[in-house]
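Trainee: sequence first, then the predicted structure:
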Amino acid sequence: MIKVNQVHYRYDSAKVLQDFNLVVNEKIIVGLWGRNGTGKTTLMKLLAGHLKPVEGEINIKGFDPYNNDRTNHHLCYMQENHPFSKLWKVKDALRFGGYYYPNFDMDLAKELLSVFHLDENKHIPRLSKGMKSALQFIIGIASNAEITILDEPTNGLDIAMRKKFNEVLLESYEENPRLIFLSSHHIEEIQTLCEALVVIHDGTVLFHEPMETMREKGIWLSGEKTSFSTIIPSHTVMEQQEMGTKMKVMLDEPYTNEWKHFAQSHGLSIEPASLHDYLLNKTEKRNGVNV
């Protein structure tokens, strides 16, 4: 469905993506995470055909997406702060969706306007950040595109609207399974929705694994400092906290029964690291250095 092979992209002399490879053939919901400047937006624009790789190949449903009208038949990319016309009202944006996407469900789109409390006669520049995010999400979901890319879809939404977002997304996916990319900095919010996670770091894929596997990465060990004398030198320490005679350490190890038994036998408490904390530590430039 999507194949990115040995892609390089740069802005002037600044490398953004290098030796980038990604293959996704399943109709699943995939999370896309990375720090600012790692290449997430560039990747999404390349998939949507807005940019052309400097080197390498991109294949979407068997064709090169760059400057190709067929992209709209298969892929919908709703970028953060989507560039709608300043003259448009909400209903004009829906007409845009109906024009560009062959499988666009106008009835669903109008139904979702009510769900997210959007007035179809309101001018888009007057929408709040959250309401504009909701409009972008509505168009993306109603497009029914085989490949749907949603960039920061919950930005500005309050707790109630984020709950609605989750419900609508899962209901739509169950009725019409397709490949959906969710690009978000809020990994804790989207991880329950996603079956897999792609993590981009330094312009390449750091992880592309099932979300279940990703949730088990990283452990916290807590206990007396003396208990860590043989542990720290032989494992990668990602974060370390000390208070008096106590120490708490995050290790780049999976949360397994073996580590649970190890902790118990050494008088230590153990808990899984949050995926957010694990990824932040994993993508620090100092990563990989034992402390």
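Mentor: Everything's here; your move.
Trainee: what about this protein, any weak spots by pLDDT?
Mentor: Along the chain, segments meeting pLDDT under 70 span 285-291.
Trainee: kindly list the longest helix within it.
Mentor: helix 159-175 (DSSP state H).
Trainee: so which elements touch it?
Mentor: helix 106-115, helix 129-142 (3 or more Cβ pairs under 8 Å, 6 or more residues apart in numbering; DSSP states H and E). Glycine gets a C-beta too; all of them are placed from N, C-alpha and C.
Trainee: any chance of the ones you listed in a markdown table, plus mean neighbour count and distance to Glu189?
Mentor: Output for those, formatted as a markdown table (neighbours: other Cβ atoms under 10 Å; distance: least, Cβ to Cβ, whole Å):
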| stretch | mean neighbour count | distance to Glu189 |
| --- | --- | --- |
| helix 106-115 | 15 | 19 |
| helix 129-142 | 23 | 13 |
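Trainee: nearest to Ala196, out of those helices?
Mentor: Counting by Cβ to Cβ, Ala196 lies closest to helix 129-142 out of the helices and strands packed on helix 159-175; the figure is 18.8 Å.
Trainee: any idea how far that closest one is from the chain center?
Mentor: Centre-to-centre, helix 129-142 and its host chain are 17 Å apart (Cα atoms, centre = their mean, to the nearest Å).
Trainee: next secondary structure after that helix?
Mentor: Where DSSP states H and E defines the elements, the next helix or strand beyond helix 129-142 is strand 147-151.
Trainee: let me know the angle separating that following strand from helix 129-142.
Mentor: 170 degrees (axes from the mean of the first three to the mean of the last three Cα atoms, to 10 degrees).
Trainee: partners of strand 147-151, with directions?
Mentor: The strands beside strand 147-151 in its sheet (DSSP bridges) come out as strand 75-78 (parallel), strand 179-183 (parallel).
Trainee: list of residues touching that strand?
Mentor: For strand 147-151, the surrounding residues in contact (Cβ atoms under 8 Å, 6 or more residues apart in numbering) are 1-2, 41, 44, 47-48, 60-61, 74-80, 136-137, 140-141, 178-183.
Trainee: list the buried ones in stretch 41-58?
Mentor: 41-51, 53, 56, 58 (16 or more other Cβ atoms under 10 Å).
Trainee: confirm for me that Asn21 is in contact with Gln6.
Mentor: Yes: with contact defined as Cβ atoms under 8 Å, Asn21 reaches Gln6; the gap is 6.4 Å.
Trainee: mind listing the strands for the protein?
Mentor: 2-11, 14-24, 29-33, 55-60, 75-78, 147-151, 179-183, 196-201, 204-210, 217-224, 237-243, 246-254, 269-272 (DSSP state E).
Trainee: which elements pack onto the fourth one?
Mentor: Under the contact criterion of 3+ Cβ pairs under 8 Å, 6+ apart, strand 55-60 touches strand 2-11, helix 40-47.
Trainee: ok, now the longest one?
Mentor: For strand 14-24, the elements it packs on are strand 2-11, helix 40-47, strand 204-210, judged by 3+ Cβ pairs under 8 Å, 6+ apart.
Trainee: so for Lys217, which of the ones you listed sits nearest?
Mentor: strand 204-210 (8.4 Å).
Trainee: hmm, who's touching that closest one?
Mentor: Strand 204-210 is contacted from outside by 17-22, 195-200, 214, 282-283, using Cβ under 8 Å, 6+ apart.
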